[in-house]
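> give me a 3D structure for the following:
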Amino acid sequence: MSKDIMPEGTKLGPVGSEVIYENDLVRVWSLRLPAGATQDWHRHDLDYLVIPIVPSDNNVMVFADGREKPTTETPGDALWRQAGPPHKLENRGTIDYQNVLVEFKKS
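Okay, the predicted model is just below:
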């Protein structure tokens, strides 16, 4: 897709824990990330919406170029995000994090 800078030998994983619904328009993922855990490197090729189920008390998006972006998410929010470069999500907090992620397929 692009000239992504990734650590040598890194393979991209899925954007969520499991697909819970899919049709021609959307793909819906459930993501569970225990406190202290790190999600695999992944890339969002589609624009998406994040709907937090539990609050994130210290989640950080880590990019291959070393940038870090803390995220604050509150249950009931709907957060629009555009497709972008590979990253991984680190749960540096004390709460097991969970969200629903809706990818919008191009038509």
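
> and stretch 63-77, how far out from the chain middle?
9 Å (Cα atoms, centre = their mean, to the nearest Å).

> buried ones in that stretch?
Across stretch 63-77, burial judged by 16 or more other Cβ atoms under 10 Å covers Phe63, Ala64, Glu73. C-beta: built from backbone N, CA, C; applies to glycine.

> ok, how many other residues are close to the nearest residue to Asp45 once chain neighbours are set aside?
Spatial nearest neighbour of Asp45, chain neighbours left out: Ala83 (5.5 Å); criterion: Cβ to Cβ, 6 or more residues apart in numbering. Residues near Ala83, counting by other Cβ atoms under 10 Å, number 14.

> show me the contacts for Ala83.
Arg43, His44, Asp45, Leu46, Asp47, Tyr48 (Cβ atoms under 8 Å, 6 or more residues apart in numbering).

> farthest-apart pair in the residues you listed, please.
Arg43 and Asp47 (12.7 Å; Cβ to Cβ).

> for the residue nearest to the spatial centre of the chain, what are its contacts?
The structure's the chain has its C-alpha centroid closest to Val15; by Cα atoms, centre = their mean the separation is 5.4 Å. By Cβ under 8 Å, 6+ apart, the contact list for Val15 reads Trp29, Leu31, His42, Arg43, His44, Tyr48, Leu101, Glu103.

> nearest to Lys11 among the residues you listed?
Nearest member of these to Lys11, counting by Cβ to Cβ, is His42, at 9.9 Å.

> wait, what's in contact with that closest one?
His42 sits next to Leu12, Gly13, Pro14, Val15, Pro86, His87, Lys88 when contact means Cβ under 8 Å, 6+ apart.
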